[in-house]
Structures are given as structure tokens and as C-alpha cells.
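[1] how does the following fold in three dimensions:
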Amino acid sequence: MRQPAALPAVLVMMSAFALPQAPTSSSATARVPAPVLWKNPGNIQSLNLFYGPGGKKHQPQVPVEFIKEDSQGTSPKFDVRDHDGEKWKAKLGPEARPETVAARLLWAVGYAANENYFFSDLKVENLPPQLQRGQSFVSAPDDVKAVRLQRHPGGDKKNGIWKWRHNPFTGTREFNGLRVMMALINNWDLKDENNAIFDDPAAPGRQLYEVTDVGASFGKAGRTYSEVASKGNLKSYTHSKFISKIAPDYVDFNFPTHPPLVDFVVEPAFFWHQMRQRWIGRHIPRADVRWIASLLAQLSPEQIRDAFRAADYPPDQIEAYAAALEARIAQLNKL
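    Residues are numbered from 1 along each chain as shown. Below is the predicted model of the structure:
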């Protein structure tokens, strides 16, 4: 009987390093959680932007009880528990108001956002005599001024972070729409660690990709020497240029702007990070810009003003911010 021909030597070597066969157990067929960046918001005009993603029924039941301070990030923060036993993250400082507004706008057009509520005065029981950060916001024992309370409806546990440069949505209409939203609100603090992945409480088996920290919004389109001008500053926001270039196929936004040169000396790592992130506002396809603009155009003047009312801005600032935002939305819809 004729013997089969010997395998070529190269195939023998390849077979020695062959990958193992995939297991046939149920673990191999387990579903990988589906990543979700955007969900159809439905009837946008029916959304309540005063109460935001959590609605009226999910607002914290005050007073709250102090748990512990959080030393992460640049803003003073601490954890509290409300009278229903729900845990919230309290944030103080210049990011508290703009973040309240920014989260509502992102949610209104379909992006995941935390539930957050702003309190001009918040009673915090068992507050320490001296906070390590943010003591200037304590007006009296157990009374704190200008506090944003935030939580994710899926709980505190996040499954990781996602990166602006490398993620499952790169090149999609939804991701490009998110880039436009960051330009719309001037959120220049685009660190990957400000992005998080959560389990979707409304749909097991899905993971929500969210920009969880949008506090550096509604000021200049980039960090300046003054933190006050960079976050929640009406004059800076209304005087900043929005669109820098309109080409036949793409749009460039004036965001994020060149970081201060002093950062090159004082914080070189931050300087180069900001320089590398400037692509986020550049070369966004016009078709994708028009798509997100069509969603924003469905917001009524009252809804936009409600988002700023939720952050307890004074009436004159509510009107000025809303007018500036409406002007930007109008620019997008002319493309």
C-alpha cells in the first residue's frame, strides 16, 4: 500500500506551535457584553431637562449623611448617603454647576450620563469639623454651599475605562457626534480616566460607555492660567470661537485649544497630553455633525433653560448661556 507523502518540514514546525482548539464548553459560548455608546433618546421634546437622567423620583432624599472624603481629581469631593440609603458623590468647586448642565445635554441626545442634582445649600449630617479639601464651601456646621450630588444608576462599580483614541466606536456616527458634543460644551478635560464603562442596569448583557466627568465645561475651550476662566465661566464661553474650519467633507472645531506654554515647563506631561488630544475636535465628517445637530435642534428653548436652572444659575446667566448654546446649535444646523 502506498504511504502518504510526508508533510513538508515547515508545516510540521507550524503544527508544533498551533493554537489550541477553542473549548466547546458553555463558557466558550457565553455572550460577550455588547458595548453601547449611544441609545435612541426617543421623543426628545418630552424629556425633562430640569431633573435630568434620574428624573424627579430619583433625586436625593435630603439631608444626607457624610461617609468619607474622596482625594481623587482636582475638585473637592466626598461620599454621602441619603435618607433612602442611596450613596452619592458630592462635588464642590467650579465644576459642580457646569457638570450638572452638561450631563443633561448629553443624556437628552442619547449618550449615557450620570444622575446628578445641584444644591445651593445642602445639609450634611456628621460632617467633619475640618475637610481636607473644600472647607471654604462649608458655611456652618453641617451646611455646605454649591454641591453637586451624582451617582450612576448601575452602582459605583465600573468595569474599566475606555480610551478616546482606541475604542469600539471609532469612526462611527455616534462617536463623532460625541466629539461634537464635547466641542459644543467646551469640555476640554479629555483624559481617558474621565471615561468609564458600566453595566447597563436597563439591559443585562450591555455595557455603557460614558464620559463620566464633564465638569470642565462651559468656560474656555482649553485650560488657562485661571481655573475660574476654564470652567463654568460665562464670559469665557460666550467669547470663545466655536467652529474653526468648514471643509466640503469635514468640520474643525476650535477645541481643545493649545494648552498654555507655561504647562510645558510646569506640567510637561499634561502639556503633551493636551496636544495629543487636539485631534478630537478636528476633521469630523460633516454628515455626522449634521446628524447630531438634528438631535440638538429638537430641544426647545425651555428645555435648554431648564438644564441651566437645574444648576441654579442666576436668571441673567441662564438666559445668556442658553442664547450662546442655541447660537452654536444653529451654526451646526447650517452645515
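[2] switch to C-alpha atoms for all contacts and neighbour counts from now on
    OK.
[3] list the contacts for the residue nearest in space to the middle of the chain?
    In the chain, the C-alpha closest to the average C-alpha coordinate belongs to Val211, at a distance of 2.6 Å (Cα atoms, centre = their mean). Contacts for Val211 were tallied using Cα atoms under 8 Å, 6 or more residues apart in numbering; they are 112-113, 194-196.
[4] Tyr250 now?
    283-286.
[5] all strands of the stretch 151-300 of the chain, in order?
    In the stretch 151-300 of the chain, the strands defined using DSSP state E, counting those that start in this stretch lie at 195-199, 206-211, 243-246, 250-253, 284-285.
[6] could you pull up the mean pLDDT of the longest one?
    Per-region confidence: strand 206-211 scores 96 on mean pLDDT.
[7] tell me which residues in that strand are buried?
    With burial defined by 16 or more other Cα atoms under 10 Å, the residues of strand 206-211 counted as buried are 206-211.
[8] okay, the residues you listed in TSV with distance to Ser244 next?
    As requested, the buried residues of strand 206-211 are exported to TSV (distance: Cα to Cα, whole Å):
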residue	distance to Ser244
Arg206	37
Gln207	34
Leu208	31
Tyr209	28
Glu210	27
Val211	24
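[9] in the chain, which strand is the longest?
    Looking across the chain with DSSP state E, the single longest strand is strand 115-125.
[10] next structured bit after it?
    As assigned by DSSP states H and E, the chain's next helix or strand after strand 115-125 is strand 138-140.
[11] alpha carbons of the helix ranked longest in the chain, in PDB - could you do that?
    Longest helix in the chain by number of residues (criterion: DSSP state H): helix 315-333. Output of helix 315-333 as PDB, limited to C-alpha atoms (Å, rounded to 0.1, in the frame of the first residue of the first chain):
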ATOM      1  CA  PRO A 315     -31.700  84.200  35.700                       C
ATOM      2  CA  ASP A 316     -29.500  86.600  33.700                       C
ATOM      3  CA  GLN A 317     -26.800  83.900  33.300                       C
ATOM      4  CA  ILE A 318     -29.400  81.300  32.400                       C
ATOM      5  CA  GLU A 319     -30.500  83.400  29.500                       C
ATOM      6  CA  ALA A 320     -27.000  84.300  28.400                       C
ATOM      7  CA  TYR A 321     -25.800  80.700  28.500                       C
ATOM      8  CA  ALA A 322     -28.900  79.400  26.700                       C
ATOM      9  CA  ALA A 323     -28.600  82.000  24.000                       C
ATOM     10  CA  ALA A 324     -25.000  81.100  23.400                       C
ATOM     11  CA  LEU A 325     -25.800  77.400  23.300                       C
ATOM     12  CA  GLU A 326     -28.700  78.000  20.900                       C
ATOM     13  CA  ALA A 327     -26.400  80.000  18.600                       C
ATOM     14  CA  ARG A 328     -23.900  77.200  18.500                       C
ATOM     15  CA  ILE A 329     -26.700  74.700  17.700                       C
ATOM     16  CA  ALA A 330     -27.900  77.000  14.900                       C
ATOM     17  CA  GLN A 331     -24.300  77.000  13.500                       C
ATOM     18  CA  LEU A 332     -24.300  73.200  13.400                       C
ATOM     19  CA  ASN A 333     -27.600  73.100  11.600                       C
END
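[12] tell me which residues of that helix come out buried.
    317-319, 321-323, 325-326, 328-329, 332-333.
[13] can I get those in JSON lines including distance to Lys241?
    Shown next, in JSON lines, are those (distance: Cα to Cα, whole Å):
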{"residue": "Gln317", "distance to Lys241": "19"}
{"residue": "Ile318", "distance to Lys241": "20"}
{"residue": "Glu319", "distance to Lys241": "19"}
{"residue": "Tyr321", "distance to Lys241": "15"}
{"residue": "Ala322", "distance to Lys241": "16"}
{"residue": "Ala323", "distance to Lys241": "15"}
{"residue": "Leu325", "distance to Lys241": "12"}
{"residue": "Glu326", "distance to Lys241": "14"}
{"residue": "Arg328", "distance to Lys241": "10"}
{"residue": "Ile329", "distance to Lys241": "13"}
{"residue": "Leu332", "distance to Lys241": "13"}
{"residue": "Asn333", "distance to Lys241": "17"}
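[14] can you list the residues you listed in JSON lines and add pLDDT and distance to Glu95?
    As requested, those are arranged in JSON lines below (pLDDT from 0 to 100; distance: Cα to Cα, whole Å):
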{"residue": "Gln317", "pLDDT": "97", "distance to Glu95": "16"}
{"residue": "Ile318", "pLDDT": "98", "distance to Glu95": "16"}
{"residue": "Glu319", "pLDDT": "98", "distance to Glu95": "20"}
{"residue": "Tyr321", "pLDDT": "98", "distance to Glu95": "16"}
{"residue": "Ala322", "pLDDT": "98", "distance to Glu95": "18"}
{"residue": "Ala323", "pLDDT": "98", "distance to Glu95": "21"}
{"residue": "Leu325", "pLDDT": "98", "distance to Glu95": "18"}
{"residue": "Glu326", "pLDDT": "98", "distance to Glu95": "22"}
{"residue": "Arg328", "pLDDT": "98", "distance to Glu95": "21"}
{"residue": "Ile329", "pLDDT": "98", "distance to Glu95": "23"}
{"residue": "Leu332", "pLDDT": "98", "distance to Glu95": "26"}
{"residue": "Asn333", "pLDDT": "97", "distance to Glu95": "29"}
